[in-house]
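**Student:** sequence first, then the predicted structure:
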Amino acid sequence: MSDTFSITPSRAFRDTYGAVMQLWLARPSAYGWMLLMAVIVGVASSVSAPWWCGLIAGGVWLVAMCPLLVALQARKIMQALKREGPSTFTFDAEAVTCQSRSIQARVLWTGMARVWLTETRCFLYFTPRCAWFFRRCDLKPEGEAMVLAFAKAAGVKVEGA
């Protein structure tokens, strides 16, 4: 078994949208912020209208604006992917490297904040709020085992494994 392996995950808008939604909703504070914004929109709408108009406006904001904002962020990611080309992730015992056409970023495992595995995705957090992500099936079982071994050896917090 080699100490290094690389993957070039495929990206589709739907996968990216789902990953961004998971990133946004990963923390309980996200729900609080969304509710606060809905209340602000509702109160602002009910100032010159009946109270029930404010409730409707707040509900519409939650149902329409949150998915729209996530879609805009996913679109931005897909545009960057189109401009930069596909990213290749290289994993070794020392670091994770992400390389595209004009960008190369290398993050040491000791500097990684956490690794979060969901049923369908793998998130590599290099700060508490910024993460690289790709589908878990792109890793394959042996690659997933190596990523977990590298992360655990460096003392990185692993969730969902």
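**Tutor:** Done, it's in.
**Student:** leaving out the residues flanking it, which one is nearest to residue 136?
**Tutor:** If you skip the residues right next to it in sequence, residue 136 has residue 122 as its closest partner in space, 5.1 Å away by C-beta to C-beta, 6 or more residues apart in numbering. (Glycine included, C-beta is placed from N, CA and C.)
**Student:** may I have the phi/psi pair for the one you found?
**Tutor:** Backbone geometry at residue 122, expressed as degrees, to the nearest 10, gives phi -120, psi 130.
**Student:** so who does it touch?
**Tutor:** Contacts here follow C-beta atoms under 8 Å, 6 or more residues apart in numbering; on that basis residue 122 touches 115-116, 133-136, 139, 144, 147.
**Student:** please enumerate the helices of the protein.
**Tutor:** Counting by DSSP state H, the chain forms helices over residues 13-24, 28-46, 51-60, 66-84, 140-153, given from the N-terminal end onward.
**Student:** pick the most deeply packed of these.
**Tutor:** Mean neighbour counts were taken over these using mean count of other C-beta atoms under 10 Å, and the top value, a mean of 17, falls to helix 13-24.
**Student:** what about that one, average pLDDT?
**Tutor:** Here the mean pLDDT over helix 13-24 is 88, rounded to a whole number.
**Student:** just how off-centre is that helix within its chain?
**Tutor:** Relative to its parent chain, helix 13-24 has a centroid offset of 6 Å by C-alpha atoms, centre = their mean, to the nearest Å.
**Student:** pLDDT below threshold where in the protein?
**Tutor:** In the predicted model of the chain, residues 1-2, 161 satisfy pLDDT under 70.
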